[in-house]
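> Got a sequence here, can you build the structure:
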Amino acid sequence: MLIQLLDIILWYIALQAFCIIGFILGFKIFSSLEYRGFSISKPFGLFVFSITCWFICNQSIGIAKYSALTLYILLFIFAVFCYYLYTKNKEEINNFVKSKSKYIFNIELTFLIFFLIFVLLRTYTPNIEGTEKPLEFVVINSILKTDYFPAIDLWLSGHPLNYYYLGQYFFSNIIKMTFIDPAIGFNLINPGILALVIIGSFEFIYELTRKVFWGVLAAFMTALMGNLEPLMQFLRDGINPNYFRWWDSGHVIPYSFPEFPYWSFLHSDVHAHFLVHPFTILFLFVILAFIQSGYYLITIEDFKNGRKFALNIMYCLILGSFMLTNSWNYPTGIALTFAGIFIYCYTKLPKTSLIVNIIRVFPSGLFYILTSYVLYLSFYAGYNSPVEGIGFVDPVLRTTTLQLLILIGTFLLPIIILVLFEFYNNLILNKELALQNKILAILLILLLPGVLFILTKSLVITVCSGILLYFLISLLSRKLSEEKSFIYAISFLIFSLILCCEFIYVNDLFSGEYERQNTVAKSYIQILLLLPIATAYLMYILSSKGYLKGIFRSSYIIAMTVLIFLSSTFLWIGTHIKNNRFERTYYEYNWHVPTLNGSYYISSKLDGEYEGIMWLKKNATKKDIVLEVDGKPYSHYGRVASHSGVASLINWAGSLNVLRGKYFYLISNPRLDDIRFIFNTENKRDVYMKLKENSISYIYIGPLERVEFPEELLKGFDKEKDLYKKVFKKGNTTIYKVI
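Below you'll find the predicted structure:
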């Protein structure tokens, strides 16, 4: 554990180094913000550093090999450049640090405290097994074993990854630079992610409101609060914390997984949809800064401005990176970009008609889309998307009202109250509006939801459409500030995503009841990050406007307090159950010890397996390929390549079929046949050429191989000592080297 304490310190120091880089580089970019985007300095520094390394280590450019040495040389270059920028703005930076020292200290202390708490929680469930953890671990090890990008695929030797791996790559850089064991680094990623979400969401709302309370509320609701599923369980089954089903809170909509950030953290998959969260918040800061500073490229003169153009290339790098980090966030980033340009045109440029401002948006928006795509052409060149278009949702499979209330009911209450009061004030009490126009508007507002409900028979679609319409009309008026417009644009996007999930789904090879699984999951994961942030600001508006008075205000405060409390029960009961009630005993047949080593559990689960995998990890080279049996996805199969970092012929073929498209069977089936042929053939001399054809260096026979194939066939390798050398033997695990 002493070594792991050192690893934690090294990880934290690395994040602080990127914090300094991000702060210096972003000091002028975020100059319009009171706190200069300090809380997102870490993800910003990590992004700029890592993306620079990704380009210079890209196979199409090939300036340098991806290695620790390259990373340290690049770090030195960044340090020199940041020092140069510091000397140019020394007085301004020093004054900022001096005047905001208390704020900076509190942000850093908050990050450190939560990071350490979350690291402690990871020691209770460190195992890299189950769900998609083995897949994500093999992505990290694939990146670490790569010399040039695109990254190799350790589960499909000789092929590059066909996955949006940039999120794993960002944090693999820290693993590579600090020389932390990947099995430990895997468990240090998520604590840092959630801690970054806390401070990022806090500062974003604090920047807009200048009120600590609303910033804290935003951070809590975004990073720590859950949904109302625990309440439903208590109503159905009675209050019995020991039998709480924590899994259900992340699977409220059947056949999908709409996760909120804290559920994702407890689940502990290092998945793209969770890794992207700090960079999504970073993007919100960038858009806000661009709106306030007028950095967007609108006119020809803007494009001629070298500094402004360079800043927009950086903007496009962040926007385009979503496709490589979590591709589902890319359309969201484009939508927010269009919203940011529109808000800038409508609030900053000389007044003109609505049509002119809309026309202004599209040429600029097209520039951002094309540039963000072109910058990452080297990724697209080798990427085979599994998406085959869109489909239309069967009304039977639509989200029910109860499901939506469980997921976002706590946020819907203040939003609906705000919409009703704004409607009352801006329409009913509007003295500038003629009486007949008021009556006509009221009739339309009352009639349209009824017609929509009759057509769709969905209260979800009806209510969300009404809220969506309100935010759209508000955005098209000139009465909103830049900050309020941006929050309204985010809110409009949120309810647009909700409605899209009710009508269409992305066809990505899932079928039947699971056909909209990814569409719902990946949309709601974004919704459940953005909605708490937006709602905190909308609650601030509701409070500051003074709409609620007397008994209405008291009732609202009580109702919101109760809802937030009920939605927060997952924080303690989910943590309690998921972490084995904080007991270090046998749990789900695995021994949990106080460790961050995600591979260590194997030592108590399978005889000799851990030592065998560690032997390969220590002795095999980057060029070696190990033969292990393939099995069903989301299982222990693929464990050798995943935990050792040694490439294998193929693993989780069923999952790779989904990731790589419907024609992948042309690659996967021959390899699966080769594995069966090698293990099933009695005379192992007959399989020698097949091993050589596949460049296999090691044959791994562990407990799973002994389950799949008869023992007498596996012993055949012992009979051909001139072809196969036994290099490891312990318990049920044997490793042969192909001579």
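> ok, the residue lying closest to residue 179 once chain neighbours are set aside - contacts?
The shortest distance from residue 179 to any non-neighbouring residue, by CB to CB, 6 or more residues apart in numbering, is to residue 68 (7.2 Å). To be clear about C-beta, it is placed using only N, CA and C from the backbone, and glycine gets the same treatment. Applying CB atoms under 8 Å, 6 or more residues apart in numbering, one finds that residue 68 lies in contact with 176-177, 179.
> Helices along the stretch 1-150 of the chain, start to end?
Here the stretch 1-150 of the chain has its helices, by DSSP state H, counting those that start in this stretch, at 2-26, 41-56, 68-88, 90-99, 101-122, 133-144.
> got any ranges where this structure has weak pLDDT?
Scanning the chain for pLDDT under 70 picks out the ranges 1-2, 427-438, 440-441, 478, 584-593.
> Please enumerate the strands of it.
Taking DSSP state E, the strands of the chain run over residues 390-392, 504-506, 586-587, 590-591, 625-627, 647-648, 698-701, 724-730, 733-738.
> who's in contact with the second one?
Going back to what we said before, that points to strand 504-506. Applying CB under 8 Å, 6+ apart, the external contacts of strand 504-506 come out as 387, 390-393, 515-516, 518-520.
> hang on, the earlier thing: which one of the strands of the chain lies closest to residue 714?
The minimum distance between residue 714 and the strands of the chain falls on strand 698-701, with 5.4 Å, by CB to CB.
> counting contacts, what elements does that closest one pack onto?
Packed against strand 698-701 by the contact rule (3 or more CB pairs under 8 Å, 6 or more residues apart in numbering; DSSP states H and E) you find helix 609-619, strand 625-627, strand 733-738.
> Could you give the separation of the last one from the chain centroid?
Read it as strand 733-738. 38 Å (CA atoms, centre = their mean, to the nearest Å).
> That strand - contacts with which helices or strands?
The criterion is 3+ CB pairs under 8 Å, 6+ apart, and the helices and strands that strand 733-738 contacts are helix 609-619, helix 688-693, strand 698-701, strand 724-730.
> how about the shortest one as CSV, C-alpha atoms only?
What that stands for is strand 698-701. C-alpha atoms of strand 698-701 as CSV (Å, rounded to 0.1, in the frame of the first residue of the first chain):
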residue,chain,number,x,y,z
TYR,A,698,3.0,-17.7,-26.5
ILE,A,699,0.2,-20.3,-25.8
TYR,A,700,-1.7,-19.6,-22.6
ILE,A,701,-3.5,-22.5,-20.9
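> May I have the residues that are in contact with residue 272?
Contact analysis of residue 272 by CB under 8 Å, 6+ apart lists 164-165, 167-168, 325-326.
> picking that back up, can you redo the strands of the chain as a markdown table with mean neighbour count and distance to residue 554?
Converted to a markdown table, the strands of the chain look like this (neighbours: other CB atoms under 10 Å; distance: least, CB to CB, whole Å):
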| stretch | mean neighbour count | distance to residue 554 |
| --- | --- | --- |
| strand 390-392 | 12 | 46 |
| strand 504-506 | 19 | 43 |
| strand 586-587 | 13 | 45 |
| strand 590-591 | 16 | 50 |
| strand 625-627 | 22 | 67 |
| strand 647-648 | 28 | 63 |
| strand 698-701 | 25 | 67 |
| strand 724-730 | 16 | 69 |
| strand 733-738 | 21 | 67 |
